[in-house]
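In: Fold the following and give me the result.
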Amino acid sequence: MDTHDLLEFLLTRRSVPVRLHADPPPDDATLRRLLTAAARVPDHGKLVPFRFEVLRCAASDRLATVTREVGTAQGRDPDKLVKQSAAFEDARLTVAVVFSPRTDSAIPLIEQEQTAALACLSLVNAAQAAGFAGHWLTGWMARDPAFLRAGLGIEPPEVVAGFVHLGTPTAAPAARPRPDLDAITRWVET
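Out: Numbers count the residues shown, from 1 in each chain. Down below sits the predicted model:
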């Protein structure tokens, strides 16, 4: 891909909703390559404050069940729980990007969390550049201690920066409005 093609990809990229994912997901060799690309993000202090949990279909199905169980126990909206659990049920492959803050470092936690978020975006972009569908989701499950403990065995201070769902696209996602560049940009000369 030349630099013009890369810029065009970035200018036109669009996340593919999980409901538009089909088999096959990336195979293990391809996924290792995508994860390698995702790990090449800006990282102040070279702390690597994230890790990847690769969740195959059975694990994603289990997270759908945990979403419904924990969400119901907490009194969350049943209609929203159906949609939130469906993302896990529909997923062909999910990578939970776990934010693992280094509390022993002078690097601010916000910068560490930004690094983990960049790993999510890089994984989506790498997957789509390789011809796969990618969708980065969070929701209450990404930070809820009861869900994280039951679903992934994660304890504070770790949380999930993103659940990145991967598969093969069945259709192009609908276009959506993008920000008005002039409304969000200020040019400062002095």
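
In: CA atoms for contacts and neighbours, from now on please.
Out: Will do.

In: tell me which element H4 is part of?
Out: Counting by DSSP states H and E, the element that carries H4 is helix 3-12.

In: just checking, next helix/strand downstream of that helix?
Out: Using DSSP H and E, the next helix or strand after helix 3-12 towards the C-terminus is strand 21-22.

In: Give me the sheet partners of that following strand and which way each runs.
Out: Strand 21-22 has its sheet partners listed here by DSSP bridges as strand 159-169 (antiparallel).

In: just to revisit the earlier point, pLDDT on the helix holding H4, on average?
Out: In this model, helix 3-12 has an average pLDDT of 88.

In: Check stretch 137-153 too.
Out: Averaging pLDDT along stretch 137-153 yields 98.

In: about what we covered before: what residues does the helix holding H4 touch?
Out: Under the contact criterion C-alpha atoms under 8 Å, 6 or more residues apart in numbering, helix 3-12 has outside partners A129.

In: what's across from the closest residue to F132 other than its chain neighbours in the sheet?
Out: Distances taken as C-alpha to C-alpha, 6 or more residues apart in numbering put T168 closest to F132, at 4.8 Å, once the chain neighbours are dropped. Per DSSP bridges, the residues bridged to T168 are A22.

In: What are the contacting residues of the top helix by length along the chain?
Out: For the chain, the helix with the greatest residue count under DSSP state H is helix 109-129. Outside helix 109-129, the residues that touch it by C-alpha under 8 Å, 6+ apart are 9, 13, 15, 34-35, 37-44, 47-50, 97-99, 101-103, 133-136, 161-164, 166.
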